[in-house]
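Trainee: Need a 3D model of the following:
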Amino acid sequence: MTTQLPASETVVLLHGLARQPASMQKMAKALEAEGYRVVNFGYDSRHHDIEKLAIDLRPRIQTETQDAERIHFVTHSLGGIVVRHIQATDPLTNLARVVMLSPPNRGSEVVDCIGHWKLFKMINGPAGQQLGTASESFVNKLPPIDFECGVITGDRSINWINSCMIPGKDDGKVSIESTKTEELKAFKVVHATHPMIMKKQSVMKDVIHFLQVGRFTDES
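Mentor: From the prediction side, this is the model:
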């Protein structure tokens, strides 16, 4: 029988660019089965820049977690960048641990190559155009991560066109190297694609393990 954790231990889920909360629903159920209170947020990722997304999400997170002593985040792709911006500009003082799944922490070469295309802009909006790899890009001007954070990323791609634009191993959207930052407490590569990584059973197990003890399952 699962022991229900108090609401003071709350996990906030943030989906990726051009996705919906449904993409994180399997993760939500896995966390709830472990006793966590879960809030699976939706946000209009395609129509605003990252600054606006963070401004809109910050009070919603505050309201939904007002009884929480500790807040954890599990994010996919852009969701991790939104959390970084929130913590850089209007930080949540009760933030505990964060697991980012395939975050473009150093940007994506796909944006460098086709971010100016009309179709790209239509699909990915202003936030998508902020995810380039240039030193002056939005993601590369964010301050260092100052919270306990682990990253899981994939090395499988079902988008060979995107992969041709990305140096090294990638998940079809972001290179493995671009997901890293020096401040990470844990890092892991799994056999998964960018759009499906959050649905992988071993990833859900690693997420839960990190939220509990601050490391992934195969780390000592």
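Trainee: Can you tell me the element the residue nearest to Glu177 when sequence neighbours are not counted falls in?
Mentor: Excluding the flanking residues, the one nearest Glu177 by C-beta to C-beta, 6 or more residues apart in numbering is Gly168, at 5.8 Å. Bear in mind the C-beta positions are built from the backbone N, C-alpha and C, glycine included. Using DSSP states H and E, Gly168 is not contained in any helix or strand.
Trainee: Ok, the one 4 residues further on next?
Mentor: Assignment of secondary structure by DSSP H and E places Gly172 within no helix or strand.
Trainee: what sits against it?
Mentor: Arg156, Ser157, Ile158, Asn159, Asn162, Ser163, Thr193, His194, Pro195 (C-beta atoms under 8 Å, 6 or more residues apart in numbering).
Trainee: And the next helix or strand past the top helix by length along the chain?
Mentor: Longest helix in the chain, counting residues (DSSP state H): helix 50-64. Past helix 50-64, further along toward the C-terminus, the next helix or strand under DSSP H and E is strand 70-76.
Trainee: Run me through the strand neighbours of that next one, direction for each.
Mentor: Strand 70-76 pairs in its sheet with strand 9-14 (parallel), strand 95-101 (parallel), by DSSP bridges.
Trainee: Could you dump these into CSV and include distance to Leu211, mean pLDDT and mean neighbour count?
Mentor: Below are the strands paired with strand 70-76 laid out as CSV (distance: least, C-beta to C-beta, whole Å; pLDDT from 0 to 100; neighbours: other C-beta atoms under 10 Å):
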stretch, distance to Leu211, mean pLDDT, mean neighbour count
strand 9-14, 7, 97, 25
strand 95-101, 5, 98, 24
